[in-house]
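[1] With the input below, show me the fold.
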Amino acid sequence: VYLALWIPNGLIVGCESLYVSYDPGSAGTLFACAALGMLAGDITVGRLLPPRLRPRLGVPLLVLLAAPYLALFLRPPLPVTAVLVAVASVGFGASLVQQERLVALTPDDLTGHALGLHSAGMLTAQGLAAALAGTVAQFTSPATAMTATALASLAVTLTLTVASRRGAGADGGLLPRPAARDARAA
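    Numbers count the residues shown, from 1 in each chain. Sure, this is the predicted structure:
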């Protein structure tokens, strides 16, 4: 669960870290579109979707998070790029799905520690991914680095999905769904 929380979205934050070098005059627009997409994704996943549907959306949301960035290699015009960034950022809603899973897997008395570790790992992964994306951009271009980072995010998502499904039913999540807290306590 931690790897699914940290790596795919951390790599996409690496893509976001290149907005200024990708399009210096429009970076603010791209950041605003990313924030708008994230807000839409969080509201949709956290408030509008019924809880029974959420576990099946973890993988599709992670794919949505990365896939639109693949088109940036083509350097589309700003309006297209802005829409791609906003749509991709809806995929950050996957974090809510995986946080629910993390809380369900964690004993009540360790929930704060588990969420603290999630936060620390997420910030670390995002920083490392930004450094990696910047390094790739130094030797290639920002568009190439964003595409490569998005491909890496998709590869990690695929790898984690395949690995988790070997030991669990194919319910669309990255890990088997835990028993409900009430059932565990009984």
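[2] how much space between Leu123 and Ala32?
    22 Å (Cβ to Cβ, to the nearest Å). All C-beta spots, glycine's among them, are computed from the backbone N, C-alpha and C.
[3] quick check: longest helix of the protein.
    Counting by DSSP state H, the longest helix found in the chain is helix 111-139.
[4] I'd guessed Val13 sits against Ala129; true?
    Yes - counting by Cβ atoms under 8 Å, Val13 does reach Ala129; the two are 5.7 Å apart.
[5] which one of these two has more residues nearby?
    The residue with more neighbours, out of Val13 and Ala129, is Ala129; 25 against 21, by other Cβ atoms under 10 Å.
[6] phi, psi of the closest residue to the more buried one other than its chain neighbours?
    Spatial nearest neighbour of Ala129, chain neighbours left out: Gly14 (3.4 Å); criterion: Cβ to Cβ, 6 or more residues apart in numbering. In terms of degrees, to the nearest 10, the main-chain angles of Gly14 are phi -60, psi -40.
[7] Then the one 10 residues further on?
    Backbone torsions of Pro24, given as degrees, to the nearest 10, read phi -50, psi -40.
[8] same deal with Pro76?
    Dihedral angles for Pro76 - degrees, to the nearest 10 - are phi -70, psi 170.
[9] mind listing what it touches?
    Leu84 (Cβ atoms under 8 Å, 6 or more residues apart in numbering).
[10] from what I can see Asp23 touches Ala82, true?
    No - counting by Cβ under 8 Å, Asp23 stays clear of Ala82, with 9.9 Å between them.
[11] Give me the number of neighbouring residues for the residue lying closest to Tyr22 once chain neighbours are set aside.
    Among residues not flanking Tyr22 along the chain, Pro142 sits closest, at 4.0 Å (Cβ to Cβ, 6+ apart). When neighbours are defined as other Cβ under 10 Å, Pro142 has 23 of them.
[12] Thought Ser21 was touching Pro142, still the case?
    Yes - counting by Cβ under 8 Å, Ser21 is a contact partner of Pro142 at 4.4 Å.
[13] which residue ranges form the helices in the chain?
    Under DSSP H, the chain gives helices at 2-16, 19-22, 27-43, 58-66, 78-90, 94-105, 111-139, 142-166, 181-185.
[14] could I get the ones you listed as CSV with mean pLDDT and distance to Arg52?
    Formatted as CSV, those follow (pLDDT from 0 to 100; distance: least, Cβ to Cβ, whole Å):
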stretch, mean pLDDT, distance to Arg52
helix 2-16, 95, 20
helix 19-22, 97, 36
helix 27-43, 97, 18
helix 58-66, 96, 14
helix 78-90, 98, 20
helix 94-105, 93, 12
helix 111-139, 96, 22
helix 142-166, 94, 20
helix 181-185, 44, 16
